[in-house]
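Student: below is the structure, and that's it, no one-letter string:
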């Protein structure tokens, strides 16, 4: 596996020598950037010209991870030459959130299962039910094949997210990369680092990813009471106070973060399902534990790799973590670097949701407020 990276900034253009030369044989190019940058057709055309035979796939973000640096409204490009494996790209339109499961099924059915090793997915970030999307995909993929990836972002604006595939960056679509090859090693993990507070409550009224009542009370009203002055900044400030949701008392909780609030309906829309009858509890940030969660995800992602260190790691962290960490945001990326080592190329983005099993062989789920890492290596 050969990897080359480049980054474009509005005030500087392409850094260093610009887009790498000698990578015309790249089969894959990950592209992550701000919403406006991802809509720059001229810029994306430059990327396509540099890697004419590659699947150029990416999305808009709430921050770009490039090496150990985190930037906003840049364009991070990672070109990959696969020497002993191959990749195929698929894309499906997502007409509305209610179609998430059907779109996941359609996307999975388009993927050839013969020799399939891993699926990496990038989705619309706002007009989607991430839980249903994942459920639809897993239903039609081999049980031995894991899915990782994330939901595209739009900073803290929550207005428009874009997915890049087939030389076009558009809203309301989902792209998947299907990886093949016996010598391809893929590791993955997803960890958080948030502290729960307040009592655990029962979700007494919900519909899909829309929450109406907790313990028979208006969920939005109750949520605002806990947020205090932060309630004026909803939905963005809700990223600082996600919900831990578990379907039953014997299940591991998943974290859910707010995408929108509806004052008229007194409801809150989350990135993933909140099943009626489930248990929910508010969470708040602990900066040291967030950084520890990132390093823990990196360690877990290496558990089953035969190689001593991965060649490429795609990091997808939640926009809520970025808002909490603020000027310390690069600490969680540096923590990953310390675990994986200097020989691993790092790329990724801050998202509106992360897709991964918690650990190898666990069930694939949508997460919020986690650091999710996917590592790639080609065994010698």
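Tutor: Ah, there it is. These numbers were taken from a predicted model, which means no experiment stands behind them. Numbers count the residues shown, from 1 in each chain.

Student: across the sheet, point out what pairs with the closest residue to residue 31 other than its chain neighbours.
Tutor: Distance criterion CB to CB, 6 or more residues apart in numbering; nearest residue to residue 31, sequence neighbours excluded, is residue 58 at 3.3 Å. Where C-beta positions appear, they are placed from N, C-alpha and C, glycine not excepted. Beta-bridge partners for residue 58, by DSSP bridges, are residue 31, residue 164.

Student: helix, strand, or coil at the residue minimising distance to the centre of the chain?
Tutor: Centroid-nearest residue in the chain, with CA atoms, centre = their mean: residue 150, separated by 2.4 Å. Put simply, residue 150 is strand when judged by DSSP: H, G, I helix; E, B strand; the rest coil.

Student: residue ranges with poor pLDDT in this structure?
Tutor: Residues of the chain that meet the criterion pLDDT under 70 lie in 249, 307-308, 380.

Student: buried set for stretch 272-285?
Tutor: 272-274, 278-283, 285 (16 or more other CB atoms under 10 Å).

Student: and stretch 328-343, by the same measure?
Tutor: By neighbour count on 16+ other CB under 10 Å, the buried set for stretch 328-343 is 329-337, 339-340.

Student: can you list contacts of it?
Tutor: Stretch 328-343 is contacted by residues 63, 65, 68-70, 287, 290-295, 297-299, 302, 309-311, 313, 315, 317, 321-322, 325, 344, 346, 371, 373, 375 when judged by CB atoms under 8 Å, 6 or more residues apart in numbering.

Student: how's this structure carved up into domains?
Tutor: Domain ranges of the chain: 2-190+288-378, 195-282, per automatic domain parsing.

Student: please work out which of these is packed deepest.
Tutor: Comparing the domains of the chain on average neighbours per residue, with mean count of other CB atoms under 10 Å, the densest one is domain 2-190+288-378 at a mean of 21.

Student: tell me where the stretch 1-150 of the chain has strands.
Tutor: For the stretch 1-150 of the chain, the strands defined by DSSP state E, counting those that start in this stretch occupy 2-9, 13-14, 28-33, 55-60, 64-66, 69-71, 75-81, 86-93, 116-123, 146-151.

Student: same deal with the stretch 251-380 of the chain?
Tutor: Taking DSSP E, counting those that start in this stretch as the criterion, the stretch 251-380 of the chain carries its strands at 254-256, 258-262, 267-270, 279-284, 312-318, 345-351, 353-357, 364-367, 371-378.

Student: among those, which comes closest to residue 49?
Tutor: Closest approach to residue 49 among the strands of the stretch 251-380 of the chain (CB to CB): strand 345-351, 20.2 Å.

Student: quick check: angle from the closest one to strand 371-378?
Tutor: If you take axes from the mean of the first three to the mean of the last three CA atoms, to 10 degrees, strand 345-351 sits at 150 degrees to strand 371-378.
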